[in-house]
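Asks: dropping the sequence and predicted coords here.
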Amino acid sequence: MIKRSLFMTVAGLALLLPFGAVAQSLDDIEAMSPEDRRAYFEAMSPEERQAKREELRAQKQARWDSMSEEERAEAKARHKERKQERRRQHKERWENMSEEERAALKERQKAHRENLTPEQRKAMREAHRQQRQQSNDESG
C-alpha cells in the first residue's frame, strides 16, 4: 500500500514537472505569447501568482541594476517604441470601430468605473496623474 501511494505521488509529480518548468525565469515568461502568459498565471492560485510577480519584479530589478548606462538607454528607447506602437494600434482599433461598438465600449468602461471602490478610484487617479507627469517630463 505504501509503495503504491509513493508510486502515485512520484508519477503525479513527474506529470506536473513539465508544466512547472514551462516558465521558470523572466526570459521564459517574456518569450510567451500574451495568451500563454495569461493561461500560465490563471493556472496559479492567488498566493502563487503574487509570489511569482514578486519573483519576476526582483529578476527585472536585478537585470536593470546590472545594465550599463548605454544598455539602460537602449532599453528605455525600446520601451518607448513599444508604447508608441501600442498607442498607434489602440488608436487604429478605435478609428475602425463603428459608433455602436464605441458606445458599447464606453458603456463597459463606465460600468467598470462604477464598480470600483473609493480606494481603487483614488489609486487609479493617482496612477493616471503619475503617467501624465512622467509623459510631460519626457516630452519637456
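Replies: Alright, I've got the coordinates. Numbers count the residues shown, from 1 in each chain.

Asks: from here on, just use CA atoms for contacts and neighbour counts.
Replies: Noted.

Asks: and the next element down the chain from the host helix or strand of Arg57?
Replies: Taking DSSP states H and E as the definition, Arg57 sits inside helix 46-65. From helix 46-65 onward toward the C-terminus, using DSSP H and E, the following helix or strand is helix 69-96.

Asks: next, count neighbours for Trp94.
Replies: Around Trp94 there are 14 other residues, counting by other C-alpha atoms under 10 Å.

Asks: same deal with the one 3 residues further on?
Replies: Using other C-alpha under 10 Å, Met97 has 12 other residues around it.

Asks: next one: it from Arg121, what distance?
Replies: Computed as C-alpha to C-alpha, to the nearest Å, the Met97 to Arg121 distance reads 28 Å.

Asks: do the same with Arg113
Replies: Taken as C-alpha to C-alpha, the span from Arg113 to Arg121 is 8 Å.

Asks: equivalent analysis for Glu138, please.
Replies: Distance of Glu138 to Arg121, computed by C-alpha to C-alpha: 26 Å.

Asks: list phi and psi for Ala43.
Replies: Dihedral pair for Ala43: phi -80, psi -10, per degrees, to the nearest 10.

Asks: and the pLDDT for Pro18?
Replies: Listed pLDDT for Pro18 reads 43.

Asks: sorry, back to before: what's the angle between the helix holding Arg57 and helix 69-96?
Replies: Interaxial angle of helix 46-65 relative to helix 69-96 (axes from the mean of the first three to the mean of the last three C-alpha atoms, to 10 degrees): 130 degrees.

Asks: show me what helix 46-65 is packed up against.
Replies: helix 26-31 (3 or more C-alpha pairs under 8 Å, 6 or more residues apart in numbering; DSSP states H and E).

Asks: which positions within the helix it packs on qualify as buried?
Replies: Buried residues in helix 26-31, counted by 16 or more other C-alpha atoms under 10 Å: 26, 29.

Asks: C-terminal to that helix, what's the next element?
Replies: That would be, after helix 26-31 and using DSSP H and E, helix 34-42.

Asks: which strands and helices sit next to that next one?
Replies: Judged by 3+ C-alpha pairs under 8 Å, 6+ apart, helix 34-42 has no packing partners among the helices and strands.
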